[in-house]
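In: 3D model of this:
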Amino acid sequence: MLRARTRQESDLEAMKELINTIVQKTGISQEDAQKTVQVVLGFLKTKMPAPFAAQLDSFLSGSGLPQQTGDFLKSKVGEVVGAKA
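Out: Residues are numbered from 1 along each chain as shown. This next block holds a predicted model:
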């Protein structure tokens with residue numbers, strides 16, 4: 001029987017997709033890409049209003065991130081990575 005993916009599974013998949021995109025576009029290792037994402041998200045948290053920073057914390061802990069925020073972050077990171085490629 002098939003089951004619907006949970007929000008946590010969807011967020012984890014989005015994080016993996018982002019890391020894989022960075023690996024493909026930059027040629028760095030999976031481990032370095034994961035560290036890069038953590039550094040970038042940590043930096044963004046210091047620059048965002050508290051409610052958005054809290055959503056990033058939820059995303060990093062795997063407890064969920066609203067789809068719009070996840071899509072926004074992926075698009076912005078994609079723009080930065082794409083500009084370097």
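In: list the buried ones in the lengthiest helix in the chain?
Out: Ranked by number of residues, the top helix in the chain under DSSP state H is helix 7-26. Neighbour-count burial for helix 7-26, counted by 16 or more other Cβ atoms under 10 Å, picks out 11, 14-15, 18-19, 21-23. C-betas here are computed from N, CA, C, even on glycine.
In: Report the contact partners of Pro51.
Out: Contacts for Pro51 (Cβ atoms under 8 Å, 6 or more residues apart in numbering) come out as none.
In: and the angle from the helix or strand hosting it to helix 7-26?
Out: For Pro51, the host element (DSSP states H and E) is helix 50-61. Orientation of helix 50-61 against helix 7-26 (axes from the mean of the first three to the mean of the last three Cα atoms, to 10 degrees) gives an angle of 90 degrees.
In: does Val23 really touch Gln30, like I thought?
Out: Yes. Between Val23 and Gln30 there is a contact under Cβ atoms under 8 Å: 5.7 Å.
In: is it possible to export the buried residues of helix 7-26 to TSV including distance to Ser58 and pLDDT?
Out: Shown next, in TSV, are the buried residues of helix 7-26 (distance: Cβ to Cβ, whole Å; pLDDT from 0 to 100):
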residue	distance to Ser58	pLDDT
Asp11	9	70
Ala14	13	79
Met15	12	82
Leu18	16	87
Ile19	18	90
Thr21	22	93
Ile22	21	92
Val23	25	95
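In: Tabulate the residues you listed in JSON lines, adding columns for distance to Leu56.
Out: Below are the buried residues of helix 7-26 laid out as JSON lines (distance: Cβ to Cβ, whole Å):
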{"residue": "Asp11", "distance to Leu56": "11"}
{"residue": "Ala14", "distance to Leu56": "13"}
{"residue": "Met15", "distance to Leu56": "11"}
{"residue": "Leu18", "distance to Leu56": "13"}
{"residue": "Ile19", "distance to Leu56": "16"}
{"residue": "Thr21", "distance to Leu56": "18"}
{"residue": "Ile22", "distance to Leu56": "17"}
{"residue": "Val23", "distance to Leu56": "21"}
